[in-house]
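Undergrad: sequence-free structure coming up:
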């Protein structure tokens, strides 16, 4: 059975909450349970179809928004050995035409090298 998650994404009807399958981490990736994400100028550019926005995210439906995130490591892909499940992390998804996921989701899967460990003394919203 495929586990699902809630996401905030742009569709032809506007921005709305949707349910899509949870990502599974590929080798070298980790799955993050997203605790905090931030809005930045990229969302407006992508939603509006601005020329620059077309280079920031793949065309998907729903087009899940958000690039900046903080959360905890939920699952490890093969060959990831230098971080543990439950570790608090933060990071930024790549701006790319091939980016098919967004941080306005319950889970994201990212390359291990795209993460940094969140300091214990910095609350999640302040780590973004």
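TA: Looks like it arrived, so ask away. What you see is a predicted model; the values in this text were computed from it and never measured. Numbering: from 1, shown residues only.
Undergrad: now the helices: where do they sit in the chain?
TA: Ranges of helices within the chain are 41-48, based on DSSP state H.
Undergrad: lowest mean pLDDT among the helices and strands of it, which one is it?
TA: Within the chain, no helix or strand scores below helix 41-48, which has a mean of 77 by mean pLDDT, DSSP states H and E.
Undergrad: phi, psi of the most centrally placed residue in the chain?
TA: By Cα atoms, centre = their mean, the chain has its centre lying nearest to residue 103, at 3.0 Å. Here is the backbone geometry of residue 103 (degrees, to the nearest 10): phi -80, psi -10.
Undergrad: that one contacts residue 37, correct?
TA: Yes. Assessed by Cβ atoms under 8 Å, residue 103 is found in contact with residue 37 at 3.9 Å. Just so you know, the C-beta spots here come from the backbone N, C-alpha and C atoms, and that holds for glycine as well.
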